[in-house]
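[1] model the following, please.
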Amino acid sequence: MHLKSVALLLVVALCGAAQAVAPKALAGPPSEFASHRIPDPSVGLLTSDTAMFMMVLSADGEQDTPKFEQVLMADSTTTVALAVFSPLLSQLQLSLTDPSGAAVDLEKIGVKTNFVASDDDEVNSKLTGNVYKLDNPMKGKYVFTATAPGLTQTTLRAAMPPKSTAAEQGFVLLYNDSPDDIATHLTHYDALVGHQVGLNTRMFDSVVHGPLVRGVVPAALRDVITTAELDVVYPDGHIEKTPMHDDGLHFDGEANDGAYGAQITPTVGGKYVLQAVLSGTNTAGQFQRTTQHFLQVEAPTISLTGASSASLHPLQGRVNLNVGVQDADPSKSYRVYAEVQGRNVFTGKATEVAWVSTITSSTSVRGKQSLTAELDLAWLARAQSVGPLTLQNVYVQDANSMVPVSQAASMLVAMPADVARTINSTVHAMLASGYKGEISKTMRQGHPPAYLTAPRNATNSGKLILLHGYCAKQNPFLERASDFTDALYFLDASQARPTDDFAKLVVEFAEKQGLTSYGLAGHSQGGMVSLHTLNFYHTGLDNAVGNRKIQTLASPFHGNSAIGAADTAQNVFGEGCGSLNSLSVDGAALWLSGITAETIAQLNYYYTQYDKGGLFGIGYCSMAMDLFLDKPNDGATENKRATLTGGTNRGLTLGQCHVKELNWPASFLDSSRNQEINANAAR
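    Numbering: from 1, shown residues only. Next up, the predicted model:
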């Protein structure tokens with residue numbers, strides 16, 4: 001049998017029952033509080049030198065030819081490019097006139113391209129478009145026109161792909177090589193039905209400002225924006241447009257400071273795209289810019305009651321902190337976070353003790369719905385503190401979207417007498433024994449289940465599990481299966497699987513194989529899943545022996561700035577698996593708030609990018625994606641979002657792309673790197 005067939009059988013021929021996935025009881029010192037609080041939305045800042053316009057062909061009469069026309073403003077004399085994407089592209093007649101009124105020969109300069117919306121080459125191949133680079137562009141007004149000869153309004157709709165959910169027939173992208181860029185960020189991260197959320201936007205000079213720093217919003221250019229609009233694509237595909245204001249009343253900062261804002265109040269949960277649309281006049285002339293933010297809105301089906309209690313944990317030296325909730329769905333997983341405050345045993349003053357967090361489902365504690373975290377009493381001894389305890393900065397996230405669904409500034413922990421006695425006696429005994437505040441693994445992570453503490457043996461250890469990325473139809477590492485030894489190839493084909501659900505499937509897969517010790521190596525989202533698994537769950541990954549427990553390739557740890565556009569492309573073409581909040585820049589920021597520095601320190605990551613040359617002279621993996629993504633990139637993952645401070649950078653390779661069928665070979669085909677991953681993998 002062929003090696004690939006054998007590997008695939010390892011994925012699908014599972015036997016035996018998996019253990020329940022055991023979450024870690026995470027905790028850390030007060031010095032880490034800031035890293036784990038809900039981040040400010042400014043960390044999700046998107047910038048762009050492009051403008052995206054939805055293409056709707058319409059006609060006055062049923063028998064008239066459908067037509068779309070769009071004014072495109074060029075404010076660059078160095079490079080201007082136009083990209084057109086439509087499933088009907090072969091049936092459309094396209095034309096472009098320059099500011100002098102002369103026709104541009106689009107057929108002569110057009111280059112075919114594809115939108116990279118997933119890790120599935122087949123899906124990407126169907127997201128077709130053309131890119132047109134304008135040599136020696138003129139500043140001013142270009143007019144783009146698309147007509148559908150031979151089609152009527154009725155036949156136009158029928159010609160669209162059957163799975164297309166968009167009212168539009170495509171989209172047009174305008175790129176200007178200009179120092180003046182748009183910058184936008186969400187105004188809130190608690191994106192819930194009935195809660196306001198919106199965008200803050202501005203124009204800024206990227207040359208004057210210099211390299212952007214995460215979480216720092218560039219100063220706005222004043223008096224350059226003439227119109228600002230928020231276009232919102234709702235879950236059902238309809239679009240609503242709202243003016244943006246610079247009046248100090250719309251989450252825009254001070255009045256007349258050059259920053260604009262607008263907000264919406266979602267009435268239904270689901271996937272939204274928020275687009276800021278700016279036009280105005282800069283020193284080079286008239287401009288147009290847009291950004292697209294992907295937004296997951298959750299229904300507020302769980303809320304903190306403001307009450308909490310402590311109870312004794314079955315294991316000595318630990319207590320449960322039961323955070324009261326109501327309306328929780330017991331079938332869903334949530335991440336709960338809180339900062340514990342106690343009272344100093346010597347002064348009685350309020351003292352910060354530790355943060356606690358876990359992924360869990362709601363349970364009944366003394367007849368009340370609760371999300372339960374754990375606290376090792378050594379944290380209280382380390383802070384020389386006892387009760388009464390207070391929980392500060394409490395929040396709950398949906399474990400899949402990581403959207404904060406409920407928050408509370410403070411809650412007093414109700415403490416039965418037996419719990420108070422246990423805390424007091426344990427803390428005083430530890431201090432009397434000379435405890436100096438050393439932090440142990442069990443303080444950080446809790447206790448693993450018994451089946452993971454069994455002695456290591458040859459039958460339940462020694463494997464490397466290789467993970468694919470988002471929406472992949474096959475495991476990419478199978479392309480070079482001979483590069484790996486003692487490896488298993490996980491496959492969850494053609495799925496848009498949230499990172500937490502993805503991680504649970506990986507753990508269940510390993511446990512059904514009987515493994516109590518293994519390493520993980522992941523491509524794209526598979527790398528994020530590897531980090532998530534090590535961080536949140538007790539698994540055989542913790543028992544792995546060797547140099548590197550987790551290794552990743554081309555993983556967008558800080559998200560992907562084109563997810564909003566990718567969602568639009570998938571809706572228009574009716575192809576793909578759907579978009580994930582955890583792969584957006586904002587969703588990734590919320591996800592990373594739960595990842596500990598201790599976990600990141602065990603990360604080993606590789607990333608790649610295009611080499612020199614190509615349409616714009618600086619290289620590309622995908623001409624289409626280069627118009628959307630920050631440069632440099634590998635056609636899907638941007639370099640600036642592929643690294644994590646505190647992890648080990650194993651190297652950037654030039655001349656490799658994210659998937660196959662791009663301008664350079666796919667990164668997972670590099671046998672030299674694959675063999676390095678294999679040789680260094682812990683198992």
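[2] from now on I want contacts and neighbour counts done on CA atoms only, so please keep to that.
    Will do.
[3] mind listing the helices for the stretch 201-350 of the chain?
    With DSSP state H, counting those that start in this stretch as the criterion, the stretch 201-350 of the chain has helices at 206-209.
[4] residues in contact with the spatially closest residue to D190 that is not a sequence neighbour?
    Of all residues beyond its chain neighbours, the one nearest D190 is P404 (5.1 Å), with distances taken as Cα to Cα, 6 or more residues apart in numbering. Going by Cα atoms under 8 Å, 6 or more residues apart in numbering, P404 touches 38, 189-191, 395-398.
[5] what bridges to P404?
    Q397 (DSSP bridges).
[6] okay, it and R480: tell me how far apart.
    41 Å (Cα to Cα, to the nearest Å).
[7] ditto for S584
    Going from S584 to R480 by Cα to Cα gives 30 Å.
[8] tell me the contacts of T50?
    Neighbours of T50 in contact, by Cα under 8 Å, 6+ apart: 173-176, 288-291, 627-628.
[9] oh sorry, the question was meant for T358
    23-26, 335-337, 373, 536.
[10] farthest-apart pair in those, please.
    The most widely separated members of the contacts of T358, counting by Cα to Cα, are P23 and Y337 (13.6 Å).
[11] and the two? Which one has more around it.
    Per other Cα atoms under 10 Å, whichever of P23 and Y337 has more neighbours is Y337, with 29 against 20.
[12] excluding chain neighbours, what is closest to that one?
    That would be S357: by Cα to Cα, 6+ apart, it lies 4.4 Å from Y337.
[13] okay, and the beta partners of that neighbour?
    Beta-bridge pairing for S357 (DSSP bridges): L26, Y337.
[14] S331: neighbouring residues, count only.
    Under the neighbour criterion other Cα under 10 Å, S331 is assigned a count of 8.
[15] oh, that last question was meant for A158, not what I typed.
    A total of 11 residues lie near A158 under the criterion other Cα under 10 Å.
[16] H238 too?
    By the criterion of other Cα under 10 Å, H238 has 12 neighbours.
[17] repeat for P41
    20.
[18] higher neighbour count, S584 and R480?
    Between S584 and R480, S584 has the larger neighbour count (other Cα under 10 Å), namely 25 against 15.
[19] doesn't Q292 make contact with that one?
    No: the pair S584 / Q292 is not scored as a contact, 10.5 Å apart, by Cα atoms under 8 Å.
[20] which residues of the stretch 501-650 of the chain fall in strands?
    Here the stretch 501-650 of the chain has its strands, by DSSP state E, counting those that start in this stretch, at 518-523, 537-538, 550-553, 603-609, 648-654.
[21] so for G210, which of these sits nearest?
    Closest approach to G210 among the strands of the stretch 501-650 of the chain is made by strand 603-609 (21.9 Å; Cα to Cα).
[22] the closest one packs against which elements?
    strand 550-553, strand 648-654 (3 or more Cα pairs under 8 Å, 6 or more residues apart in numbering; DSSP states H and E).
[23] quick one on the thing from earlier: just send the contacts of P404 back as CSV, with neighbour count and distance to Y272 too.
    CSV is the format used below for those (neighbours: other Cα atoms under 10 Å; distance: Cα to Cα, whole Å):
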residue, neighbour count, distance to Y272
I38, 23, 21
Y189, 25, 13
D190, 21, 14
A191, 24, 10
Y395, 22, 23
V396, 25, 21
Q397, 24, 18
D398, 19, 17
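[24] quick one: which of those is nearest to L652?
    Among these, and counting by Cα to Cα, the member closest to L652 is I38, at 30.7 Å.
[25] dump the residue contacts of that closest one.
    I38 makes contact with 189, 404, 590, 593, according to Cα under 8 Å, 6+ apart.
[26] not counting stretch 468-484 itself, show me its contacts.
    Applying Cα under 8 Å, 6+ apart, the external contacts of stretch 468-484 come out as 3-4, 7, 118-120, 466-467, 489-497, 522-527, 576-577, 668-669, 671, 674-675, 678.
[27] would you mind listing the buried residues in that stretch?
    Buried residues in stretch 468-484, counting neighbours by 16 or more other Cα atoms under 10 Å, are found at 468-478, 481, 483-484.
[28] now do stretch 605-625
    605-611, 619-625.
[29] just the closest of those residues to M244, please.
    M625 (27.8 Å).
[30] residue nearest the middle of this protein, spatially speaking?
    Most central in the chain under Cα atoms, centre = their mean is L583, positioned 2.6 Å from the mean C-alpha point.
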